[in-house]
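**Student:** Sequence first, then the predicted structure, then my questions.
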Amino acid sequence: MQWSLILLFLMGQCCFIDCQLYEFHYIKEAKTWTEAQQYCREKHTDLVTVTNMKDMKRLINMSDGDIKEAWIGLSNQTHGTRTWYWSLPGLEFNESETKWKEGEPNDQGNEGPENCVIVDEHIKWIDIHCKTPYNFLCYNETNTTHKYHLIKELKSWLEAQNYCREKHTDLISGMKQLQDEEMKKLMNYGSIQVYFGLFRDTWRWSDGSSFSFRHWNLQFNNERINSGQCVMTVFNDGGRWRNKNCDERKPFICYDDKSILIKQKMNWEDALYYCRDYHHDLVTITNMDDQRWIQEKVKNASTPFVWLGLRYTCTLDLWFWVSDEVVSYQNWASDEPMDDCDMSGAMETGGDHQWRKKNDTETFNFFCSKN
């Protein structure tokens, strides 16, 4: 690679340190949920989508003391159609990778719909009413010695989720965690049935994204408290969510998406120039939250991969982000080839959305960061 091109790639127009791929806006004017949605779509991107607890803390920290509650972009417009989700944000539920016990899910509880799941000692799944108390399994992202914890306290599913998020990371979620040998050892001492992080509901985000994060008031128990079909966050209740009648008038929160998927097919260098000419730069991913945000949007791409702002230079023998960010967070697929000249980074549009080293002459869709 010529030194002039290296300098061009390293001269990102702005560093993304402490930046976000999306930003929030509090609107103090009271509107119905539908009016708020229309306002956000006209002046921003949409009513806010909350992807994880970090987002929730951002909202709480930004909240005005005068605002006690505000609409968010979650509503129940599905006419009863339920979808399975994992509690841990960023994991996608795959119907072909289930471990249901024979005859399950049967949704035949005496107390209403069975929207939560327990696992037995054989790692088989049984659907259950969410307010039924059980022991449960937590996952710890930061402790590499003991990732999984069997909590011998009887709680509803929502109470168990709250416990795991406060004291660990989340309820055990995803097939990889459920099939881990350490987790299986916790289940290997006789008959036991415990909650893990699988649930289903009818709630959907206004922008069409499938993020599974929920932050309900603990009285919710995964079923509606009342007939309200729209959701607000209540700041004097730790930001927890409650469903309300959509015609009530409340302040609301919009968000601006700072990334955009370009569905044109270009090689990496042309994609870089396009982003810098019409937006800001090829997108930078510096943490798992950025990864989850982009991998949700990447599902709409028309190519098997999308270019990122990630480039390898033979001259300096390193990978770098064109925005000048250090490549600290990484999500490379395990079977990638050795680094070579003329390689750039692309994300899979399916599967686990891992990063791939692709020849930069190949043509893919790409993600730009906005000004």
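**Tutor:** In hand now; what should we look at?

**Student:** Residue 314 contacts residue 341, doesn't it?
**Tutor:** Yes: between residue 314 and residue 341 there is a contact under CB atoms under 8 Å: 4.2 Å. In this view, the C-beta of every residue, glycine as well, is placed from N, C-alpha and C.

**Student:** Apart from its chain neighbours, what residue comes closest to residue 75?
**Tutor:** In space, not counting the residues next to it along the chain, residue 75 is nearest to residue 230; the distance is 4.7 Å by CB to CB, 6 or more residues apart in numbering.

**Student:** Show me the domain layout of this protein.
**Tutor:** 3-19+258-369, 23-78+203-256, 84-200 (automatic domain parsing).

**Student:** just how off-centre is stretch 195-210 within its chain?
**Tutor:** Distance, stretch centre to chain centre, for stretch 195-210: 11 Å (CA atoms, centre = their mean, to the nearest Å).

**Student:** Any buried residues in it, and which?
**Tutor:** 195-207 (16 or more other CB atoms under 10 Å).

**Student:** ok, now stretch 74-82?
**Tutor:** In stretch 74-82, the ones that count as buried by 16+ other CB under 10 Å are 74, 75, 76.

**Student:** what kind of secondary structure is the first one in?
**Tutor:** Following DSSP: H, G, I helix; E, B strand; the rest coil, residue 74 is assigned to strand.

**Student:** The residue most central in space within the chain and residue 323, how far apart?
**Tutor:** Residue closest to the mean C-alpha point of the chain, counted by CA atoms, centre = their mean, is residue 90 at 3.9 Å. The spacing between residue 90 and residue 323, counted by CB to CB, to the nearest Å, is 22 Å.

**Student:** Residue 69 now?
**Tutor:** Taken as CB to CB, the span from residue 69 to residue 323 is 37 Å.

**Student:** Residue 249 now?
**Tutor:** Counting by CB to CB, the gap from residue 249 to residue 323 is 41 Å.

**Student:** More neighbours: these two, which one.
**Tutor:** residue 323 (22 against 13; other CB atoms under 10 Å).

**Student:** Work out for me the element residue 261 sits within.
**Tutor:** Assigned by DSSP states H and E, residue 261 belongs to strand 259-266.

**Student:** Which positions in that strand come out as buried?
**Tutor:** Applying 16+ other CB under 10 Å to strand 259-266 flags 259, 260, 261, 262, 266 as buried.

**Student:** So what touches that strand?
**Tutor:** Residues outside strand 259-266 that contact it (CB atoms under 8 Å, 6 or more residues apart in numbering) are 21-22, 271, 274-275, 279, 283, 293-294, 297-298, 300-303, 306-307, 363-370.

**Student:** quick check: mean pLDDT across it?
**Tutor:** Strand 259-266 shows an average pLDDT of 96 in the prediction.

**Student:** How far off centre is the next helix or strand after that strand?
**Tutor:** For strand 259-266, the following helix or strand on the C-terminal side (DSSP H and E) is helix 268-278. In terms of CA atoms, centre = their mean, the centre of helix 268-278 is set 27 Å apart from its chain centre.

**Student:** Name the residues that touch helix 268-278?
**Tutor:** Contacts of helix 268-278 (CB under 8 Å, 6+ apart): 9, 13, 262, 264, 266, 281-282, 307, 309, 311, 322, 344, 358, 360-362, 364, 366, 368-369.

**Student:** Tell me how many other residues surround the nearest residue to residue 360 once chain neighbours are set aside.
**Tutor:** Using CB to CB, 6+ apart and skipping residues adjacent in sequence, the residue nearest residue 360 is residue 268, 3.7 Å away. A count of neighbours around residue 268, defined by other CB under 10 Å, yields 27.

**Student:** gap between residue 268 and residue 338?
**Tutor:** 19 Å.

**Student:** Name the nearest of the buried residues of stretch 74-82 relative to residue 56.
**Tutor:** residue 74 (12.4 Å; CB to CB).

**Student:** ok, which stretches of the stretch 151-300 of the chain are helices?
**Tutor:** 157-167, 175-178, 181-186, 268-278, 288-297 (DSSP state H, counting those that start in this stretch).
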